[in-house]
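Participant: Predicted model and sequence follow; I will ask about them next.
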Amino acid sequence: MKKYNIFYLAVFMLLVSACADLETLAPINSVPTEQAITNFASASAAVNGIYDEIQDETLVFDGWLALAQFFSDEANATGTFPTRLEFGNLNVFPANTTMAAVFTDLYDAINVANNVIVSVPAVADPTFMDDQKADFVAQAKFLRAQCYLHLVTLWQDVPLILDPTIDVGDVLNVPTSSVGEVYAQIIADFTEAASNVKKDIGPLGASKQAANAFLARVALYQGRWSDAQSLAEGILGEGFDLTAVPYLDDQIYSLGFTPTDGNTLNFFYGPADFGGRYSIGPSQTIIDAFEDGDARFDRTIAFTVPQVTEPPTAPTPYGTKYPSFGAGISGTATDPIFFIRHAEMVMIAAEAAAEQGDFATASAYINQVRSRAGLSAVTLDSGNYVDLILAERFVEFAFEGPQRLIDLRRRGRAESVLSSIGYDPCDDVWPLPQRDVDRNINLTQNDCCNC
C-alpha cells in the first residue's frame, strides 16, 4: 500500500527508536530496521510503540467504537462531521476521510508489530534472553491479530501484510487476501500469543487468557461451535459464576489510559451539559431494548435534566460507558475500552451450546448474564435462541465496540433488522478507502461500492 510513504517511514523510525531527530532523516529507498531494535530496551520500546498505535485518537473513538455503532441500530450520529454522518446514514463513500484514517491507523499498528516480529528474533545481544524475545514477538502477534480481526469483520477482504514496510515502490502494492486467509493468520497469531505471552491474566496488555478469549470469539464468528464452546469454557473454568463479578468488572482485556495519556471518549459521548461535543447518542432502539429493571441500563444510558423553557426542552439520552464527564477535551479521561469481558465468554458458550442442541447448558449460561442484571430467567429452545441471544448481547455490550453490527451480519439478520434505516446487502462490507485504491495498482474496490 503506497500510504506507507517516505514520511511515514521516517515517523515509524522515530516511534521505535525514540531518539531520532525527524529533521535529520533524508529521503532514502529503504529503512535499516536492524538499527531500530538492538537489545531488550529498544525491543521493549518498539512493543510499547504498538500499544501506542492502538491508542491513536482516531482509532480510540472512530475506529474501535463509533463508526460501527453509527452503522447499526445502536447509536445515532448526533454531531456535525459529514464523514461520520455517512456512517449514520449507511451511505459511506470510498472517499470518506474518517474511514481512511481508521484504515491507515490499523495498518500503522500492524506495521510496527511486523517490525517487532521480524527484528526481535534476529537481535544478537547475549543479554537479551530467548524467553524475553518470545514474549515480545507474541505480544506483537497478539496486537497484529486484533487489528486484522477488526479489519476482516468490517471490510472483509483486506491486504494481509506480514512483513514490515521497508522498501518503497512496487513492493507496497499488496492485493487483498480472502477472508479465509486473513482469519487463518489471525488464528495462528493468537495461538502463538496464547503459548508465548508471559502474562497469564490481567486486563491491560496481551495475556494468555486474552489470546484464548479472542480465539473463542473467532470460532464463534466462523461458526465453529464446538471450538467456540470449548475455548470459552476453558477461560471460564468449572463452576464459573458471572453473578459474583460486578458488571464491567469482568474485564479480560481492555485498552487502558492514564491521566497523562488519556482519551476524550467522555467528550464525544457526553452531552453539552457536561461540556461534551455529543457526537454519538443512544438510538431509541437500544433504549427500548432494555427490559424494565435491567440494572445495566444506568451504567449504559442516562438522560440530561430537562430545561424549563417554552416550549420545554426534552431530556437528551447519552451513553455512560465512558463517564469521566468534566474532563473536557483535555484528553485526560482514563475510562477504558472494554475489548473483551468474561460476559462475552458466557454468551459465546451459550450460543455455541444452543447451536449444538444443548439448550439446558445454553439457558444456564445466558441466565448468568440475566441474573447479574436483575432479570428473570429465560429458557432457550430451537425456535427462540437466536433472537434471545442477539437481544442479550445487544444490551450487555452496548457502546463497547462493533459487536452489534458484527452480530447482525454473522447471523444473517442485518438486512431484516436494519432495513428501516437503509441497510441493504451491499452494506455487509465497507468500501476500501479510495485513496488506497488509487495508490495501489493491485487493490480493487469492493464489488458493492458504487463509486
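Facilitator: Received, thanks. Bear in mind that the values here come from a model prediction, so they are computed numbers and not experimental data.
Participant: Which residue ranges of the stretch 351-451 of the chain form helices?
Facilitator: With DSSP state H, counting those that start in this stretch as the definition, the stretch 351-451 of the chain shows helices at residue ranges 359-372, 385-396, 403-410, 414-418, 434-439.
Participant: ditto for the stretch 151-300 of the chain
Facilitator: Taking DSSP H, counting those that start in this stretch as the criterion, the stretch 151-300 of the chain contains helices spanning 179-196, 208-222, 225-236, 265-269, 284-289.
Participant: that older thread, most packed of the helices of the stretch 351-451 of the chain?
Facilitator: Taking mean count of other C-beta atoms under 10 Å as the contact definition, the stretch among those with the greatest mean neighbour count is helix 403-410, which reaches a mean of 22. Just so you know, the C-beta spots here come from the backbone N, C-alpha and C atoms, and that holds for glycine as well.
Participant: quick one on the thing from earlier: need the helices of the stretch 151-300 of the chain in TSV with mean neighbour count, can you?
Facilitator: Conversion of these to TSV gives the following (neighbours: other C-beta atoms under 10 Å):
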stretch	mean neighbour count
helix 179-196	19
helix 208-222	23
helix 225-236	20
helix 265-269	26
helix 284-289	16
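Participant: Save those as JSON lines, and put in distance to residue 352 and mean pLDDT too.
Facilitator: Formatted as JSON lines, the entries for the helices of the stretch 151-300 of the chain read as follows, by distance: least, C-beta to C-beta, whole Å; pLDDT from 0 to 100:
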{"stretch": "helix 179-196", "distance to residue 352": "17", "mean pLDDT": "98"}
{"stretch": "helix 208-222", "distance to residue 352": "7", "mean pLDDT": "98"}
{"stretch": "helix 225-236", "distance to residue 352": "4", "mean pLDDT": "98"}
{"stretch": "helix 265-269", "distance to residue 352": "31", "mean pLDDT": "95"}
{"stretch": "helix 284-289", "distance to residue 352": "23", "mean pLDDT": "98"}
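Participant: Among those, which comes closest to residue 89?
Facilitator: Comparison of the helices of the stretch 151-300 of the chain against residue 89 by C-beta to C-beta identifies helix 284-289 as nearest, at 15.9 Å.
Participant: got the contact list for the closest one?
Facilitator: Residues outside helix 284-289 that contact it (C-beta atoms under 8 Å, 6 or more residues apart in numbering): 73-75, 301, 317, 391, 394-395, 398.
Participant: Most widely separated two among those residues?
Facilitator: By the measure C-beta to C-beta, the contacts of helix 284-289 have their two most distant members at 317 and 391, which lie 19.2 Å apart.
Participant: For the residue with the largest distance to the centre of the chain, give me its contacts.
Facilitator: No residue in the chain has its C-alpha farther from the mean C-alpha position than residue 310, which lies at 43.1 Å (C-alpha atoms, centre = their mean). With contacts defined as C-beta under 8 Å, 6+ apart, residue 310 has no neighbours.
Participant: re the thing from before, want to throw the helices of the stretch 351-451 of the chain into JSON lines with mean pLDDT and distance to residue 225?
Facilitator: Shown next, in JSON lines, are the helices of the stretch 351-451 of the chain (pLDDT from 0 to 100; distance: least, C-beta to C-beta, whole Å):
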{"stretch": "helix 359-372", "mean pLDDT": "98", "distance to residue 225": "11"}
{"stretch": "helix 385-396", "mean pLDDT": "98", "distance to residue 225": "12"}
{"stretch": "helix 403-410", "mean pLDDT": "98", "distance to residue 225": "13"}
{"stretch": "helix 414-418", "mean pLDDT": "97", "distance to residue 225": "21"}
{"stretch": "helix 434-439", "mean pLDDT": "93", "distance to residue 225": "36"}
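Participant: just for this structure, where's the confidence low?
Facilitator: The model of the chain has pLDDT under 70 over residues 1-35, 167-172, 308, 328-329, 448-451.
Participant: mind redoing it with 90?
Facilitator: 1-36, 165-173, 259-261, 273-275, 305-314, 325-332, 446-451 (pLDDT under 90).
Participant: Let me see the contact set for the nearest residue to residue 204 once chain neighbours are set aside.
Facilitator: Excluding the flanking residues, the one nearest residue 204 by C-beta to C-beta, 6 or more residues apart in numbering is residue 256, at 4.5 Å. Residues in contact with residue 256, defined by C-beta under 8 Å, 6+ apart, are 203-204, 334, 336.
Participant: Residue 272 and residue 279 touch, don't they?
Facilitator: No - no contact is recorded between residue 272 and residue 279 when judged using C-beta atoms under 8 Å, the distance being 11.3 Å.
Participant: Pull the number of nearby residues for residue 412.
Facilitator: As a burial measure, the neighbour count of residue 412 was computed by other C-beta atoms under 10 Å and equals 10.
Participant: Same check on residue 356?
Facilitator: For residue 356, the count of nearby residues is 14 (other C-beta under 10 Å).
Participant: wait, what's in contact with the nearest residue to it once chain neighbours are set aside?
Facilitator: With C-beta to C-beta, 6+ apart as the measure, residue 225 is the residue that lies nearest to residue 356, at 5.3 Å, once sequence neighbours are left out. With C-beta under 8 Å, 6+ apart as the criterion, the residues that contact residue 225 are 219, 351-352, 355-356.
Participant: do you know how far residue 225 is from residue 278?
Facilitator: 41 Å (C-beta to C-beta, to the nearest Å).
Participant: Residue 259 and residue 335 touch, don't they?
Facilitator: No - in terms of C-beta under 8 Å, residue 259 does not count as a neighbour of residue 335; the distance is 11.5 Å.
Participant: more neighbours, the two?
Facilitator: Relative neighbour count places residue 335 above the other of residue 259 and residue 335, with 21 against 12, counting by other C-beta under 10 Å.
Participant: gap between the more buried one and residue 275?
Facilitator: Between residue 335 and residue 275 the distance is 15 Å, computed by C-beta to C-beta.
Participant: For stretch 265-275, measure first residue to last.
Facilitator: 12 Å (C-alpha to C-alpha, to the nearest Å).
Participant: picking that back up, could the helices of the stretch 351-451 of the chain be laid out in CSV, adding distance to residue 173?
Facilitator: Conversion of the helices of the stretch 351-451 of the chain to CSV gives the following (distance: least, C-beta to C-beta, whole Å):
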stretch, distance to residue 173
helix 359-372, 46
helix 385-396, 39
helix 403-410, 29
helix 414-418, 32
helix 434-439, 8
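Participant: closest one to residue 264 among those?
Facilitator: With C-beta to C-beta as the measure, helix 403-410 is the member of the helices of the stretch 351-451 of the chain nearest residue 264 (22.1 Å).
Participant: hang on, the earlier thing: got the helices of the stretch 151-300 of the chain as CSV, with distance to residue 59 columns?
Facilitator: As requested, these are arranged in CSV below (distance: least, C-beta to C-beta, whole Å):
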stretch, distance to residue 59
helix 179-196, 18
helix 208-222, 17
helix 225-236, 26
helix 265-269, 12
helix 284-289, 23
